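A.B. asks: sequence plus the predicted model coming up.
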Amino acid sequence: MFKSLAGRALIPVGIAVTGFVVVCFLMLYSAIKNIVDRDSAVNATNLADTVLKSTRYAMLKNDNEILTTIIHNVGQQKGVEHIRIFNKKGIVNISTRPEELNRQVDKTAEGCIICHAGKVPVSTLGRMEQVRIFKNGEGEETISITTPIYNEPECSNASCHVHPAGQKVLGTLDIGLSRKALLESMASIRNQMIAFTLMILVLTVGGVTALLLRSVFQPLQKLSHLAMQAENDELPATPPTHVPRELDRITQSLYNLSKKLRAARNGTNTPNDSINPPS
Amino acid sequence: MTEKTDNQPAPGAATAQNQRDSLLMEINADIKRLSSFSNRGLLAMSLFMIVSMMAWRGFPMLPHPDATRALLGAPPPANMINLVLLLYTFSAIILSLSRMMAGIEHKSSFCHVGYLTAFFLFYHFAKALDDNYWAVFGSGITILSVESYRIWSYCKEAMSRKREQLEFVKRNGRLPLEE
């Protein structure tokens, strides 16, 4: 295989084209995944902002019933995995999961450690740093965003509240969104890209193989057959036809030389029998 | 007056014999060198596999990306590294195919392992290795496979020429005329 002309011509081309197409496919998929992840993070952040703005009045009025109703209603929306509001001490005050209520969260857990890594917790985070992607208890991939609920003058000045003006963060809103639909879309894109890549490979390698076979290997086979015939003194009446110009020149020369050799051996001189090579 | 004995070779014949032996030794040494050189591509591939395994484990022997970022500053963004990787892969394949076409003996396999390791490190420090590991791995396998094939086919051809020369020298005591 490695010694034949076909092998020598096709193996490096096959490896180079296949490898390059696969690398391009991997990079394209990675770029698409990054864009989709960034967009889903922006969507989750927007949803968190919407929830905060919707619940602001209820928080100011300290109306726990309305606040819980809003959170539960938003939590019932398709794709929303959980919504929690923690107080300053990390205790869950409101949650779409009743079993989490009034429980302290683990500050070293994923999503909490980002702010609680040091002795003093970080009070401000960039947009993308607020986002975390992890697998929940059911093994489903979830994107979660943690937004601090900052103290505002209306909060510290309100008569019903006890938050001092110096307290910067009053609590945290945590929203988790299921990535199931997103992952299904990504899987569909991936499968389509694999199919396209395979088609490109088959077309490229197949096309090169077919062209080489038609234009080079088959004429070479004819030439090789003619050489064998000349060697065995079984020269055909006419030289092989339908050979590319470069090989045709060699074929005609080989045919004429063999004919001359045979004539010389038989003691006859037939110079006019030779076929003129193409110009 | 001294007499020559029949067993003693003439000085001209001894010189020719010496020349023939030295030529044979030289050709044999060349064949040996080409034989060991033909494995260079595979050695480079093995080294790349070891580097890839370390990258797969997240380079445990290296400092955390945050520590390096604090020391050296922010790495280039992953998109830019992607673009450079794509250009590098394209150029390396074209260069290798050109060398294959021209029949040049070039020992470039190990420097490709160095470039690919640099890509792994850049992605690691940019915290984008998880997303781009397979791209670098695929690129490395492609480039090193083409390079290995180029080196192997070059050596096979050169060794076959050298063997023909060896036979010629054994028969005629001199190298064949250059084509």
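C.D. replies: Structure received. Residues are numbered from 1 along each chain as shown, chains lettered A, B, ... in the order given.
A.B. asks: for the rest of this, base every contact and every neighbour count on C-alpha atoms.
C.D. replies: Noted.
A.B. asks: which helix runs longest in chain B?
C.D. replies: The longest helix of chain B (DSSP state H) is helix B:129-172.
A.B. asks: that one near chain A at all?
C.D. replies: Yes - judged by Cα under 8 Å from any Cα of the partner chain, helix B:129-172 comes into contact with chain A at B:131-132, B:134-136, B:138-139, B:141-143, B:145-146, B:149.
A.B. asks: and if you look at stretch B:37-44?
C.D. replies: No - judged by Cα under 8 Å from any Cα, stretch B:37-44 stays clear of chain A, getting no closer than 14.0 Å.
A.B. asks: quick one: buried residues of that stretch?
C.D. replies: B:37, B:38, B:40, B:41, B:42, B:43, B:44 (16 or more other Cα atoms under 10 Å in any protein chain shown).
A.B. asks: which bits of chain A sit near chain B?
C.D. replies: So chain A meets chain B at A:12, A:15, A:16, A:19, A:20, A:22, A:23, A:24, A:26, A:27, A:30, A:31 (Cα under 8 Å from any Cα).
A.B. asks: now the first one: how far from residue B:100?
C.D. replies: Which is residue A:12. 9 Å (Cα to Cα, to the nearest Å).
A.B. asks: where exactly do the helices run in the chain?
C.D. replies: Chain wasn't specified; assuming chain A. A:5-60, A:64-75, A:113-116, A:153-157, A:180-212, A:218-231, A:245-266.
A.B. asks: chain B is the one I meant
C.D. replies: B:11-37, B:40-56, B:65-72, B:78-102, B:109-125, B:129-172.
A.B. asks: can I get these in a markdown table including mean pLDDT?
C.D. replies: Below are these laid out as a markdown table (pLDDT from 0 to 100):
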| stretch | mean pLDDT |
| --- | --- |
| helix B:11-37 | 83 |
| helix B:40-56 | 94 |
| helix B:65-72 | 85 |
| helix B:78-102 | 91 |
| helix B:109-125 | 93 |
| helix B:129-172 | 90 |
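A.B. asks: ok, residue A:137 - contacts?
C.D. replies: With contacts defined as Cα atoms under 8 Å, 6 or more residues apart in numbering or on different chains, residue A:137 is in contact with no residue.
A.B. asks: let's see the pLDDT reported for it.
C.D. replies: For residue A:137, the model assigns a pLDDT of 73.
A.B. asks: any idea how far it is from chain B?
C.D. replies: Note on residue A:137: its distance to chain B, by Cα to the nearest Cα, to the nearest Å, is 23 Å.
A.B. asks: returning to what we had before: out of the residues of chain A next to chain B, which are buried?
C.D. replies: Buried members of the residues of chain A next to chain B, counted by 16+ other Cα under 10 Å: A:12, A:15, A:16, A:19, A:20, A:22, A:23, A:24, A:26, A:27, A:30, A:31.
A.B. asks: flag whichever of those scores worst on pLDDT.
C.D. replies: residue A:12 (85).
A.B. asks: returning to that earlier point: the helices of chain A: which one's closest to residue B:61?
C.D. replies: helix A:113-116 (23.9 Å; Cα to Cα).
A.B. asks: how about the buried ones among the residues of chain A next to chain B, which pair is most distant?
C.D. replies: The widest separation within these (Cα to Cα) is 28.3 Å, between A:12 and A:31.
A.B. asks: and residue A:125, what's its pLDDT?
C.D. replies: 60.
A.B. asks: residue A:175 touches residue A:82, doesn't it?
C.D. replies: Yes - using Cα atoms under 8 Å, residue A:175 is in contact with residue A:82, at 5.7 Å.
A.B. asks: more crowded one of these two?
C.D. replies: Legend: neighbour count by other Cα atoms under 10 Å in any protein chain shown for residue A:175 and residue A:82, higher for residue A:175 (25 against 20).
A.B. asks: what sits against the residue nearest to that one when sequence neighbours are not counted?
C.D. replies: Computed as Cα to Cα, 6 or more residues apart in numbering or on different chains, the closest residue to residue A:175 that is not its neighbour in sequence is residue A:83, at 4.5 Å. Each residue near residue A:83 by Cα under 8 Å, 6+ apart is listed here: A:71, A:75, A:95, A:96, A:173, A:174, A:175, A:176.
A.B. asks: run the last query once more with 7 Å
C.D. replies: Shown in contact with residue A:83 (Cα atoms under 7 Å, 6 or more residues apart in numbering or on different chains): A:71, A:75, A:95, A:96, A:174, A:175, A:176.
A.B. asks: in strands, which of those residues fall?
C.D. replies: Using DSSP state E, the members of these that fall within strands are A:95, A:174, A:175, A:176.
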